[in-house]
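Participant: Could you work out the structure for the sequence below:
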Amino acid sequence: MLGLVRWVGPVARRPIGWRRSGSAFGCAHALLGPIRAGSTSSKDPKEETDSTAGSVDERTSVLSTAATAVPVSSTNPPGILEKFVAGEWPHVLSKAAITAPPGFNRWLAVPSSFLVQLSIGSMYAFSMWNAPLTMDFGVVAQASSDWTLAEVLPVFSTAAISLGFTTFFLGPWAERAGPRFSAVGAALAYSSAFAVSAAAVHLHSLPLLHVGYGLLGGMGWGLGYISPVSTLMRWFPDRRGLATGLGLTAFGAGAALAAPVIQHLLAANFVPPEYLGTVADVAISLDESGMMLAETANGIKEVVVATAADLKSFPADLAEGVYVTGTGSTGAPATFMTLAGVYGTSMLVGAAGNRAPRPDWKPEGWTPPIEESAMIAKHDVHHVTALSTPQFYLLWTAVMGNAVAGMTLLSAAKTTMGDVFGAALPAVVTGVFTTKYVASLSSANAAGRLGWAGFSDYLGRKNTYYLFGAGIPIAASIPILTSAFSEEPSTLPLYLFYGGTMVMISFYGGIFSTLPAYIADLFGQRHAGAIHGRVLTAWSAAALVGPNMLGYLRESSYETAIKELTSTLEPSQFEKAFGAPVAKLESLIEAKAITIPRLMELVPMGTTDPTPVLYNTTMYGVGGMLSVALLANYLIGPIDPKFHLKPTTVPPLQQEKKA
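Facilitator: Numbering: from 1, shown residues only. Predicted coordinates:
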């Protein structure tokens, strides 16, 4: 009871000048407490001191309008909500609670960030979910009600957009609150994302999947990404590139670990659908929409036809033929729920071990370098002022253009490998092979984050970004490889594609691990974390453009290929195989009753399988975006001094208090 009296004390002891204006105002004041003097100041951010980084109160004042409507005493302590906004409540999660004592070994701060980064890095294994999500009802082949790849890929885009909004709006808060607070928030959002995704698949609700994997997943992704990176940069001011490389290597490696885990869990939870028999043994009819129907023990039900090409990636030994939709499970709901617990636990353990350096800390025996470089800032730029500089938008464009390539490949890596090479090389490109390919790309992502970031400490950030332009000829050569493969299948184009895409993904990893140091070089270290959060909106834009571009162009190429293959068949042959005339081709495509593998069983001998070239137009688009990024990086120059923070003798807030 005594504790309760102490907590409600500020309510009982109303401050001088307090007016009764309704109980809502009284409760709001008791909760929020007074807003510090100067919190609503309209001073230009550039007037902020450049020499007393730890003394300026940067608390968010979004609540100032409501709180200052009622005069309050300046002696009253801040309320819970104000402390939360400031990143100070609960204290155990705050930066003050995790500030390392003198003599702390900075390398001990690295493993904790690894646990968080490994977990959120699993977002890059999204392509592992493409097959189970697009065959939720059919399980072994797409049913008419199943989501298409073009419908599923935007979920990944939603996650990246949510990431961008999170880093943009919560980046400054994450910097104030510190790595533990942001990691706990990330853990709660990320584990909830997988739990909601499990419910979304079970209910077959695409909007709910966008809320779960998309919105909540992106929030966890963003909160878990930015603060640990800036904290490691403060621990390693002598090696900024290495610091970000260390933190983000674990992020890139997260998908390499997640891919086989997801594959194993999906296989363990897989339930085969009911098998009716071969196509010759089952009487299949079509309704007006093109849906395939057949007689079962429970009446007339929708069915799907699975070919050998469809079944080769499934864990069970399944026979070609007709299967009843809605009678099996891809294993996705149970897998999502399992991972919700695994990732939530891992991230909370990592959050508990986070440590931050003191504001004045520096490595023993280290002094800032004195060598001059036009591309390394000697002054800081406020994160608000940075938005007025051309360098911000040029860097944003360079990141976005480069990231499109990585996002495009990673969002559909497993699907792309199976489409391009699976039909012609079924003995090589198995389900295990495509899973290893996803893991290999993730390993290249991790290696690129560490290698290119460390390399940038010697070569320079801008020159390192120039090297990423090597992805342009790689992207342009992939259509040549796939076209050659479609004419004469062999393993050489397969391994060249494998190696070339790994190099491109290593560049993608290097973009983001080098980015925090590039920002610090351009805008100064002080507000680098907040500026980093804003530049990461380019990542969201890339995730919106890349996967959607792939989905649209792939679907367009797929429909064109089906129409071209259909033109090689006799109308009677087509109607006998699909139970409908050629005039209903569009309806059959929409109902997913006609596929390239089924047509390839009917077309004349010697007809080229068009599947390997379905992604050629996408790769041309990727090459174009990489060219734009290269040009933007070329145009980046030093920041105009007019944007620098202006040194002052007394910090602005202290000036107001003295007045």
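Participant: Give me the mean pLDDT for the strand or helix carrying residue 232.
Facilitator: In the assignment (DSSP states H and E), residue 232 maps to helix 217-235. When pLDDT is averaged along helix 217-235, the result is 86.
Participant: helices and strands around it, which ones?
Facilitator: Using 3 or more Cβ pairs under 8 Å, 6 or more residues apart in numbering; DSSP states H and E as the contact test, the elements touching helix 217-235 are helix 110-120, helix 149-177, helix 179-203, helix 240-269, helix 491-523, helix 528-535. The way it works is simple: take the backbone N, C-alpha and C, and place the C-beta from them, glycine included.
Participant: a markdown table for those helices, including mean pLDDT, distance to residue 589 and mean neighbour count?
Facilitator: Below are the helices and strands packed on helix 217-235 laid out as a markdown table (pLDDT from 0 to 100; distance: least, Cβ to Cβ, whole Å; neighbours: other Cβ atoms under 10 Å):
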| stretch | mean pLDDT | distance to residue 589 | mean neighbour count |
| --- | --- | --- | --- |
| helix 110-120 | 90 | 38 | 25 |
| helix 149-177 | 89 | 13 | 23 |
| helix 179-203 | 96 | 25 | 24 |
| helix 240-269 | 85 | 28 | 24 |
| helix 491-523 | 93 | 28 | 24 |
| helix 528-535 | 84 | 41 | 26 |
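Participant: export stretch 102-121 as PDB, just CAs?
Facilitator: Extracted as PDB, the C-alpha positions of stretch 102-121 are listed here (Å, rounded to 0.1, in the frame of the first residue of the first chain):
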ATOM      1  CA  PRO A 102      35.500   0.600 -17.000                       C
ATOM      2  CA  GLY A 103      37.700  -2.200 -18.300                       C
ATOM      3  CA  PHE A 104      34.900  -4.000 -20.100                       C
ATOM      4  CA  ASN A 105      36.200  -6.100 -23.000                       C
ATOM      5  CA  ARG A 106      34.400  -4.700 -26.100                       C
ATOM      6  CA  TRP A 107      34.500  -8.100 -27.900                       C
ATOM      7  CA  LEU A 108      32.000  -9.400 -25.300                       C
ATOM      8  CA  ALA A 109      29.400  -7.100 -26.800                       C
ATOM      9  CA  VAL A 110      29.500  -8.900 -30.100                       C
ATOM     10  CA  PRO A 111      27.900 -12.300 -29.300                       C
ATOM     11  CA  SER A 112      24.700 -10.900 -27.900                       C
ATOM     12  CA  SER A 113      24.100  -8.900 -31.000                       C
ATOM     13  CA  PHE A 114      24.700 -12.100 -33.000                       C
ATOM     14  CA  LEU A 115      21.700 -13.800 -31.400                       C
ATOM     15  CA  VAL A 116      19.400 -11.000 -32.400                       C
ATOM     16  CA  GLN A 117      20.800 -10.600 -35.900                       C
ATOM     17  CA  LEU A 118      20.800 -14.400 -36.600                       C
ATOM     18  CA  SER A 119      17.100 -14.500 -35.800                       C
ATOM     19  CA  ILE A 120      15.900 -11.500 -37.900                       C
ATOM     20  CA  GLY A 121      18.200 -12.600 -40.700                       C
END
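Participant: Just the residues contacting stretch 479-492, thanks.
Facilitator: Contact partners of stretch 479-492, identified using Cβ atoms under 8 Å, 6 or more residues apart in numbering, comprise 420-421, 424-425, 428, 493-494, 496-497, 500, 608-613, 615-616, 619-620.
Participant: Buried ones from those residues, can you make that a PyMOL selection?
Facilitator: Only the buried entries of those go into this PyMOL selection, using 16 or more other Cβ atoms under 10 Å:
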select buried, resi 420+421+424+425+493+494+496+497+500+609+610+611+612+613+615+616+619
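Participant: Please identify which of the helices and strands packed on helix 217-235 is closest to residue 563.
Facilitator: helix 149-177 (17.4 Å; Cβ to Cβ).
Participant: Which residues are in contact with residue 341?
Facilitator: If you count contacts by Cβ under 8 Å, 6+ apart, residue 341 has them with residue 191.
Participant: what's next to stretch 143-155, contact-wise?
Facilitator: The contact list for stretch 143-155, computed with Cβ under 8 Å, 6+ apart, reads 126, 129-130, 133-138, 142, 204, 206, 209-210, 213-214, 289-292, 302, 304, 325-326, 411-412, 415, 547-548, 550-552, 554-555, 591-593.
Participant: Identify those among these that sit within helices.
Facilitator: Counting by DSSP state H, the contacts of stretch 143-155 place 129-130, 133-134, 206, 209, 411, 415, 547-548, 550-552, 554-555 in helices.
Participant: Am I right that residue 202 is in contact with residue 331?
Facilitator: No: with contact defined as Cβ atoms under 8 Å, residue 202 does not reach residue 331; the gap is 11.7 Å.
Participant: What are the boundaries of the helices in the stretch 1-150 of the chain?
Facilitator: For the stretch 1-150 of the chain, applying DSSP state H, counting those that start in this stretch gives helices covering 2-12, 23-32, 64-67, 80-85, 110-120, 127-134, 149-177.
Participant: Kindly report the same for the stretch 301-450 of the chain.
Facilitator: Here the stretch 301-450 of the chain has its helices, by DSSP H, counting those that start in this stretch, at 308-311, 332-352, 390-411, 413-417, 431-459.
Participant: Next, format these as TSV and append distance to residue 483.
Facilitator: Formatted as TSV, those follow (distance: least, Cβ to Cβ, whole Å):
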stretch	distance to residue 483
helix 308-311	20
helix 332-352	34
helix 390-411	19
helix 413-417	15
helix 431-459	20
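Participant: on that earlier part again, could you turn the buried ones of the ones in helices among the contacts of stretch 143-155 into a ChimeraX selection?
Facilitator: Only the buried entries of the ones in helices among the contacts of stretch 143-155 go into this ChimeraX selection, using 16+ other Cβ under 10 Å:
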select :129,130,133,134,209,411,415,547,548,550,551,554,555
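Participant: Distance check, the residue nearest the centre of the chain against residue 546.
Facilitator: Central residue of the chain (Cα atoms, centre = their mean): residue 160, 4.6 Å from the mean position. Noted for residue 160: a distance of 9 Å to residue 546, by Cβ to Cβ, to the nearest Å.
Participant: Overlap in contacts, the two.
Facilitator: Counting by Cβ under 8 Å, 6+ apart, the common neighbours of residue 160 and residue 546 are residue 407.
Participant: For residue 233, state which of the ones in helices among the contacts of stretch 143-155 is nearest.
Facilitator: Checking the ones in helices among the contacts of stretch 143-155 against residue 233 with Cβ to Cβ, the nearest one is residue 411 at 28.7 Å.
Participant: so what's the closest one up against?
Facilitator: Counted by Cβ under 8 Å, 6+ apart, residue 411 has contacts 126-127, 153, 156, 543, 546-547, 550.
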